[in-house]
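would you be able to build a 3D model of this:
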Amino acid sequence: MTILKHVRWVAWLGLCGLPCQAQAFAQSQQAATAQIGLPDLSQATAGSTSPGQTTANQTAEEKTPGSISGVVVDQSGAVVAGARVSLTREPQAASQEILTGDDGQFSFFNVAPGTFQLSITVPGFAAKTSSGVLQPGNNYSVPRITLVLAVSTAEVQVLPSRVEVAEDQIKTEEKQRVLGVIPNFYVSYDHHAVPLTSRQKFELAWKTVIDPVNFGITGVIAGIQQADNDFSGYGQGAAGYGRRYGAAYGDFLTGTYIGSAILPSLLKQDPRYFYKGTGTVRSRLLYAVANAVICKGDNGHWQPNYSSILGSLASGGISNLYYPAKDRNGADLTFENALIGIGATAAANILQEFVIKKFTPSASSHEFSKPDNDVVEPASMPVRATD
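Here you go, the predicted model:
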């Protein structure tokens, strides 16, 4: 009742046009109210906010998006247009991509604040990454991104040439000696040996004819001929032995050079015998005999062994120049010697296929590929008997 009475007095004073008195009276009443512990209604309604509203405002500010921009240049400082810039933010898996403009610049807008990573790729340059932290509502300017030229790495595999491979094969063949002594150079235990060049064919012939063992074998042949008085026109004694030795070595020299170097180079044929080593005895026997009249060409195909046959004929014809006159039977002897040479080649090939390899120590360590079948393969092996 007291409060209502005071309110009525204030209202009455206001109506009577005494605002000053009314204000003074109101102030006195506020003081009285404060003394008796009543709430000050004027201050209770004077614009204070609740804690919940403050937290909501702060959260909204922390999520305010910003932007990220920058420029991409090369090592010379020139701008790089068309570079692909990828923006990745954690923990988001998806990324944003943009290409740099003609001025090399890029910009990402409406980007949520937080850590980010930029990946820059362009053909011809090494990939580059840049990272940073975008503050809420901030416009983040990335430091200038400089790309370096990519270092091109290429694996280069250096393979030996066919000539080098053939040279290695020749060196291997030159170590082949029956019982470790007698040369066995014209036999290949590699079915896929590469063809020899003309120079290599001549080198192999040269090393064959100057081998000391072949000089000794020629001496034995001359001695047997003298003992049997073959080519009696040469006579006896040291002079007769020397003539027989020269004739025997002449046959060996011309037969080797013409049949294993000159004609094989002109006709592009391989003068070597290619060891078979597998299959039935019958197939190997037929293979060895056949290789007396066929050989492998430098093109890998089988063909008639013109080099060996014509070489025997040419060697026989040349021998008529130095054999005694009464032992020269012209063309008949030449063709007869050629046929004998073919038979001797076939016999030598049979020995190569079944016997000689067992007595050639260095040959046992050579690896060779197994033929596809037991017949004479038209792309694997040729022939030549030398001594």
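
Gln75 is in what secondary structure piece?
Applying DSSP states H and E as the criterion places Gln75 outside every helix and strand.

then Gly311?
Per DSSP H and E, Gly311 falls inside helix 306-319.

Gln236 is in contact with Gln225, isn't it?
No - between Gln236 and Gln225 there is no contact under C-beta atoms under 8 Å: 11.2 Å. All C-beta atoms are positioned from the backbone trio N, CA, C, and that covers glycine.

quick one, which of these two is more surrounded?
Gln225 (19 against 12; other C-beta atoms under 10 Å).

can you check the pLDDT for the residue lying closest to the more buried one once chain neighbours are set aside?
Of all residues not flanking Gln225 in the chain, Arg244 sits nearest, at 4.8 Å (C-beta to C-beta, 6 or more residues apart in numbering). Looking at Arg244, its pLDDT is 94.

what of Pro361?
84.

that one: neighbour count?
13.

grab the nearest non-local neighbour of it.
Pro361 sits nearest to Gly180 (C-beta to C-beta, 6+ apart), 5.8 Å away.

also Tyr245?
Closest to Tyr245 by C-beta to C-beta, 6+ apart is Ala222, at 3.9 Å.

distance of the one you found relative to Ser260?
To Ser260, Ala222 is 22 Å away according to C-beta to C-beta, to the nearest Å.

looking at the two, which is more packed in?
Ser260 (27 against 23).

sec struct for that one, please.
Following DSSP: H, G, I helix; E, B strand; the rest coil, the label given to Ser260 is helix.

the closest residue to it other than its chain neighbours is in what secondary structure piece?
Sequence neighbours aside, Pro271 is the residue nearest to Ser260 in space, at 4.0 Å (criterion: C-beta to C-beta, 6+ apart). Following DSSP H and E, one finds Pro271 outside all helices and strands.

pretty sure Pro271 contacts Lys201?
Yes - if you go by C-beta under 8 Å, Pro271 and Lys201 touch, sitting 6.4 Å apart.

overlap of the contact sets of the two?
260-261, 264 (C-beta atoms under 8 Å, 6 or more residues apart in numbering).

between those residues, which sits nearest Gly343?
Closest approach between those and Gly343, by C-beta to C-beta: Ser260, at 18.1 Å.

my read: the closest one touches Lys201, true?
Yes - the pair Ser260 and Lys201 qualifies as a contact (C-beta under 8 Å) at a distance of 6.8 Å.

shared neighbours, those two?
Pro271.

what kind of secondary structure is Val72 in?
Per three-state DSSP, Val72 ends up strand.

mind listing what it touches?
Contacts of Val72 (C-beta under 8 Å, 6+ apart): 79-80, 83, 85, 100, 104-106, 120, 122, 145, 147.

for it, list each beta-bridge partner.
Ile145 (DSSP bridges).

now do it against Ser319, distance only.
For Val72, the distance to Ser319 - C-beta to C-beta - is 86 Å.
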